[in-house]
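Novice: sequence and predicted structure are below.
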Amino acid sequence: MFEGMQLTADGKRIQKELKELNELIVAVGFPAGGPADEKGVSVAEYAAYNDLGTIYSPSRPFLRDSVNNHQADFNQFCAAAVRELMNGGTARQALEKLGVYAKGIVQEQITDGTYEANSETTIRRKGSAKPLMDTGLMRESVNYEIRKKG
């Protein structure tokens, strides 16, 4: 950029961390290989059925609502993470914190989101009218992973 100019050691560190930050993402949801029920249906599949809906049940978009309802919070969190990176933190530390934060948001949305009530048949089977909560396995299975983009 500027001939003859060299970055300080801290400048090089920040440049390296920003490059790594640009190459990685935090994926939040239900990783492959997670738990399944006795029929072999994975928690990830149940989560997709709930979030998107099926011909038998309405959409209860807890994943999409987690993003849409908390966009400003995520933006503030990311800005704070970049400030930490500039003050000695690493890209991995920032992404780990973001993963933990986003996982908590999704779990909160499952527990506290407002969705169409369960059908009478489901209420009799589960013993509860609360959508998205049966055994708690789906909520507990929410996780995140840091991986390369692409």
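Specialist: Now that the structure is in, tell me what you want to look at. Numbering: from 1, shown residues only.
Novice: contacts, neighbours, all on C-alpha from now
Specialist: Noted.
Novice: buried residues in the helix or strand encompassing residue 47?
Specialist: Element membership of residue 47 [criterion: DSSP states H and E] is helix 43-52. For helix 43-52, the buried set under the neighbour-count rule, 16 or more other Cα atoms under 10 Å, comprises 43-44, 46-52.
Novice: state the distance from residue 103 to residue 86.
Specialist: 25 Å (Cα to Cα, to the nearest Å).
Novice: so those two - more neighbours on which side?
Specialist: More neighbours surround residue 103 than the other of residue 103 and residue 86, with 22 against 17 (other Cα atoms under 10 Å).
Novice: with just CA atoms, put the helix holding residue 47 into PDB.
Specialist: C-alpha atoms of helix 43-52 as PDB (Å, rounded to 0.1, in the frame of the first residue of the first chain):
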ATOM      1  CA  VAL A  43     -33.100 -33.600  16.200                       C
ATOM      2  CA  ALA A  44     -31.900 -31.500  13.200                       C
ATOM      3  CA  GLU A  45     -34.800 -32.900  11.100                       C
ATOM      4  CA  TYR A  46     -37.300 -32.100  13.900                       C
ATOM      5  CA  ALA A  47     -35.900 -28.600  14.200                       C
ATOM      6  CA  ALA A  48     -36.300 -28.100  10.400                       C
ATOM      7  CA  TYR A  49     -39.900 -29.400  10.600                       C
ATOM      8  CA  ASN A  50     -40.700 -27.000  13.400                       C
ATOM      9  CA  ASP A  51     -39.000 -24.000  12.000                       C
ATOM     10  CA  LEU A  52     -40.400 -24.400   8.500                       C
END
